[in-house]
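[1] Here is the input, now give the coordinates:
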Amino acid sequence: MLPRPLRVSAFSPALEEAIKIDGKIDRIEKVDKKLFGDSFVRIRMISYHNLDGAPLFWEFMFFKAKDEWQIYIFRFNDEIDKAFSGT
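    Alright, predicted model coming up:
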């Protein structure tokens, strides 16, 4: 498995391709924010785009290491059944 910074940066080409297809983000809706203790949080969102493409579903997970929040997981897709299946 790739180190975490490389896994996050690997999404860049996929994100650029999604923006080419769906357009730039017009608006974002926050779906939920869930804390797991004091040092782990999950945030899920939906973005809508200016070319009226399918909405994208986003999930971010952060953990607090010492005094700094770091990204743990970042993912997005356009399939709602995959996006929020692990609630």
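
[2] just checking, what packs against the longest helix anywhere in the chain?
    Of all segments of type helix in the chain, defined using DSSP state H, the longest is helix 11-22. Contact here means 3 or more Cβ pairs under 8 Å, 6 or more residues apart in numbering; DSSP states H and E; on that basis helix 11-22 packs against strand 68-77. The way it works is simple: take the backbone N, C-alpha and C, and place the C-beta from them, glycine included.

[3] Strand partners (parallel or antiparallel) of the strand it packs on?
    Listed by DSSP bridges, the sheet partners of strand 68-77 and their directions read strand 56-65 (antiparallel).

[4] Report the beta-bridge partners for Phe63.
    Using DSSP bridges, the bridge partners assigned to Phe63 are Phe40, Gln70.

[5] Do I have it right that it meets Asp38?
    No: in this structure Phe63 lies outside contact range of Asp38 using Cβ atoms under 8 Å: 10.4 Å.

[6] what about these two, which has more around it?
    Between Phe63 and Asp38, counting by other Cβ atoms under 10 Å, Phe63 is the more crowded of the two (15 against 7).

[7] Give me the pLDDT value at that one.
    Looking at Phe63, its pLDDT reads 93.

[8] How about the secondary structure of the nearest residue to Asp22 once chain neighbours are set aside?
    Sequence neighbours aside, Gly53 is the residue nearest to Asp22 in space, at 2.8 Å (criterion: Cβ to Cβ, 6 or more residues apart in numbering). Reduced to three states with DSSP: H, G, I helix; E, B strand; the rest coil, the structure at Gly53 is coil.

[9] got the contact list for Gly53?
    Residues counted as contacts of Gly53 (Cβ atoms under 8 Å, 6 or more residues apart in numbering) are 21-23, 78.

[10] pLDDT added to these, as TSV?
    Formatted as TSV, the entries for these read as follows, by pLDDT from 0 to 100:
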residue	pLDDT
Ile21	80
Asp22	81
Gly23	82
Asp78	76
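
[11] and these, which two are the farthest apart?
    In terms of Cβ to Cβ, the contacts of Gly53 reach their longest pairwise distance at Gly23 and Asp78, which sit 12.8 Å apart.
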